[in-house]
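Enquirer: Here's my sequence, what's the structure:
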Amino acid sequence: MKKKGLFIFFDGLWSTIIDSQVLLHVQEMNKSGYDFEVLVLPGTKNEYNMSLKKLGTIKDKYDIPITVKRGIRQTIPGGELINVIILYREIRKQGIIFDIIHARTDYAACVCSLLKIFIKFELIWDCRGDAEAEFSQMFIAHTLLRRVIKFMYLQRLKWTRFCASLFSDKAIFVSSELKDTKGKYFNKFSQVIPCTASDKLFRFSSDAREQTRIQLGYTKDDIVLVYSGSIVYYQCFDECMVLFKELHEANKRVKLLILTPHVEKALTVLRYFPENCYQIYSATLEQVNSYLNAADFGFLLRKEDKVNSVASPVKFAEYSLAGLPVLTTKAVKQVVDLGEQLNNVIYCDSANLPDCLTIYTNEERIAISQKAIELLSRKISTIKYIGLYTNTI
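Expert: Have a look, this model is predicted:
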């Protein structure tokens, strides 16, 4: 009999990261002999409405049951108690007994740990990053009141992680560094599973490269740098644009290709750039690979801080499977380690430009892509997840 599973998260369906890291994962698990459903509990009206809108466009794309239920905002004190009641009522309403609940993030695992008071199941804590460090970076405490608020909220985040660690039966950490810091007191079964990408969606093809470059109007002499992702602060969009500007000024053949859901925001930064030096698109997950094939280098700049030191950027997996060399810093330890194995990282920033941008041959990109399949493809992570779900507690 198939194990019945529930994958739960509170961030909403709207982000493309949910497609690549949640929905494709659940779909793959169900093909591997499990029976998973997805429950999304967006905490704001806007996230809820956006999730419902997206659900209408993807319900036929993914052959998995997806339920969107309005939850309570994660930042509200005591919201965990309300969310666990909403979660309990939804599960009882469905009348399903779940063997496994996979809770994405510390907060989701904390809420589900409270659910264990009422229902018996195996709880898997999916730790995605350093929540305290992320909050500390975003919340600027420039007054006494804000310093007090920051201190109190950081204590709450620590309590959330403590509950997740104490009551979860198993755990997933996206990097060894994250496990060593945030999971050092978790003494039950755990796995380090980096963010991976589908080798069915991301791969290098010389034909796709040639065709897409023709469609985009690039010549064989153009050196195309691609930025793929959102415009959030930690992805260093502004820093990437500064680096591109300096490289373009040194060599007019250097061109910029941007793939982002935030086109308007990106254009505000690009308004002083010559229009003939960049192209910008909003692409679906299925379209991204063609653009990455057309590019010659990928941007992955990160600042050296606590958030990035334990991170596992899915962008690196996508770039590598597409055979791209990556312009990056040494901020993300996992990228440094994997990049040395793949031989596809070039360390640089606006203060330290790369010596030269020599376009990799098709053969070199095929070699990167094939090696990345063994390190960063969903095929590899699926094996680890099956081991995690199957291992008895």
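Enquirer: Would you double-check that residue 261 falls in a strand?
Expert: No - with DSSP: H, G, I helix; E, B strand; the rest coil as the criterion, residue 261 is located in coil rather than a strand.
Enquirer: Verify the contact between it and residue 50 for me.
Expert: No - using C-beta atoms under 8 Å, residue 261 makes no contact with residue 50, being 11.5 Å away. Using the backbone N, CA and C atoms, a C-beta is placed for each residue, glycine as well.
Enquirer: What are the boundaries of the helices in the stretch 51-200 of the chain?
Expert: Shown for the stretch 51-200 of the chain, the helices assigned by DSSP state H, counting those that start in this stretch span residues 79-94, 106-115, 131-138, 144-167, 176-182.
Enquirer: Deepest-packed of the ones you listed, please.
Expert: By mean neighbour count, with neighbours taken as mean count of other C-beta atoms under 10 Å, helix 106-115 ranks first of those at a mean of 25.
Enquirer: picking that back up, a markdown table please, covering the helices of the stretch 51-200 of the chain and showing distance to residue 353 and mean pLDDT.
Expert: Formatted as a markdown table, those follow (distance: least, C-beta to C-beta, whole Å; pLDDT from 0 to 100):
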| stretch | distance to residue 353 | mean pLDDT |
| --- | --- | --- |
| helix 79-94 | 47 | 95 |
| helix 106-115 | 39 | 97 |
| helix 131-138 | 27 | 93 |
| helix 144-167 | 37 | 94 |
| helix 176-182 | 28 | 95 |
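Enquirer: Let's have the ones you listed in JSON lines, adding distance to residue 72.
Expert: Below are the helices of the stretch 51-200 of the chain laid out as JSON lines (distance: least, C-beta to C-beta, whole Å):
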{"stretch": "helix 79-94", "distance to residue 72": "4"}
{"stretch": "helix 106-115", "distance to residue 72": "10"}
{"stretch": "helix 131-138", "distance to residue 72": "18"}
{"stretch": "helix 144-167", "distance to residue 72": "14"}
{"stretch": "helix 176-182", "distance to residue 72": "24"}
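Enquirer: Residue 319: which of those is closest?
Expert: Distance to residue 319, taken as C-beta to C-beta, is lowest for helix 176-182 among the helices of the stretch 51-200 of the chain, at 20.2 Å.
Enquirer: Check which helices and strands the helix or strand bottoming out on mean pLDDT in the chain sits against.
Expert: The helix or strand of the chain with the lowest confidence, counting by mean pLDDT, DSSP states H and E, is helix 16-18 at a mean of 86. Other helices and strands packing on helix 16-18, by 3 or more C-beta pairs under 8 Å, 6 or more residues apart in numbering; DSSP states H and E, are absent; none qualifies.
Enquirer: so where is this protein shaky, pLDDT-wise?
Expert: Along the chain, the parts satisfying pLDDT under 70 run over 350-351, 355, 392-393.
Enquirer: again, only using 80
Expert: Residue ranges of the chain with pLDDT under 80: 1, 349-356, 391-393.
Enquirer: and it, what are its domains?
Expert: 4-196+378-390, 206-376 (automatic domain parsing).
Enquirer: what residue of this structure is the furthest out?
Expert: Here the chain reaches farthest from its C-alpha mean at residue 144, the gap being 34.4 Å by C-alpha atoms, centre = their mean.
Enquirer: hmm, back to that, which one of the helices of the stretch 51-200 of the chain lies nearest to residue 379?
Expert: Closest of the helices of the stretch 51-200 of the chain to residue 379 is helix 176-182, at 20.6 Å (criterion: C-beta to C-beta).
Enquirer: Tally up the residues packed near residue 119, please.
Expert: 14 (other C-beta atoms under 10 Å).
Enquirer: what's the answer for residue 370, then?
Expert: Neighbours around residue 370, by other C-beta under 10 Å: 14.
Enquirer: So it versus residue 323, what's the distance?
Expert: The spacing between residue 370 and residue 323, counted by C-beta to C-beta, to the nearest Å, is 9 Å.
Enquirer: How about residue 13?
Expert: Computed as C-beta to C-beta, the residue 13 to residue 323 distance reads 30 Å.
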